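Asker: okay, here's the prediction I keep looking at, along with the sequence it came from:
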Amino acid sequence: MIRNVGMLDRALRVILGLVLLAFALGYIAPGTGYNWLGWIGIVPLLTALFGYCPAYTLLGLSTCPMEPRKN
């Protein structure tokens with residue numbers, strides 16, 4: 001897998017993932033009935049962990065800076 005998620009993007013994904021999981025566990029707005037939606041927070045955490053986003057591949061995007069070529 002080629003990394004296509006840059007460091008700033010990864011940091012934002014970790015923050016978003018943690019906030020969504022806190023919502024799922026009831027730390028944010030407990031008892032709303034929609035807390036189960038917070039489990040979607042696993043996706044941004046995994047994409048940040050691996051540095052790869054399948055959606056970016058499909059769209060041809062990358063926030064990861066290019067590494068210099070070794071000749």
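Answerer: Received the coordinates, thanks. Everything numeric here is computed off the predicted structure, so don't read it as measured data.
Asker: alpha carbons of the lengthiest helix in the chain, as CSV, please.
Answerer: Secondary structure of the chain per DSSP state H: the longest helix is helix 7-24. Taking C-alpha atoms only, helix 7-24 is exported to CSV below (Å, rounded to 0.1, in the frame of the first residue of the first chain):
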residue,chain,number,x,y,z
MET,A,7,0.5,14.1,8.7
LEU,A,8,-2.0,17.0,9.1
ASP,A,9,-4.7,14.9,7.6
ARG,A,10,-3.8,12.0,9.9
ALA,A,11,-3.9,14.2,13.0
LEU,A,12,-7.3,15.5,12.1
ARG,A,13,-8.6,11.9,11.4
VAL,A,14,-7.4,10.8,14.9
ILE,A,15,-9.2,13.8,16.5
LEU,A,16,-12.4,13.1,14.6
GLY,A,17,-12.3,9.4,15.3
LEU,A,18,-11.8,9.9,19.0
VAL,A,19,-14.6,12.4,19.2
LEU,A,20,-17.0,10.0,17.3
LEU,A,21,-16.0,7.2,19.6
ALA,A,22,-16.6,9.4,22.7
PHE,A,23,-20.1,10.1,21.3
ALA,A,24,-20.7,6.4,20.7
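Asker: which ones are touching the residue nearest the centre of the chain?
Answerer: The residue lying closest to the centre of the chain (CA atoms, centre = their mean) is residue 44, at 2.2 Å. By CB atoms under 8 Å, 6 or more residues apart in numbering, residue 44 lies in contact with 13, 14, 16, 17, 20. Any C-beta I mention is one placed from the backbone N, CA and C, and that applies to glycine too.
Asker: look at it and report its pLDDT.
Answerer: On pLDDT, residue 44 comes in at 97.
Asker: and it, what helix or strand is that in?
Answerer: Using DSSP states H and E, residue 44 sits in helix 42-50.
Asker: which parts of the helix or strand bottoming out on mean pLDDT in the chain are buried?
Answerer: Least confident helix or strand of the chain, by mean pLDDT, DSSP states H and E, is helix 54-59 with a mean of 93. Within helix 54-59, the residues that count as buried by 16 or more other CB atoms under 10 Å are residue 56.
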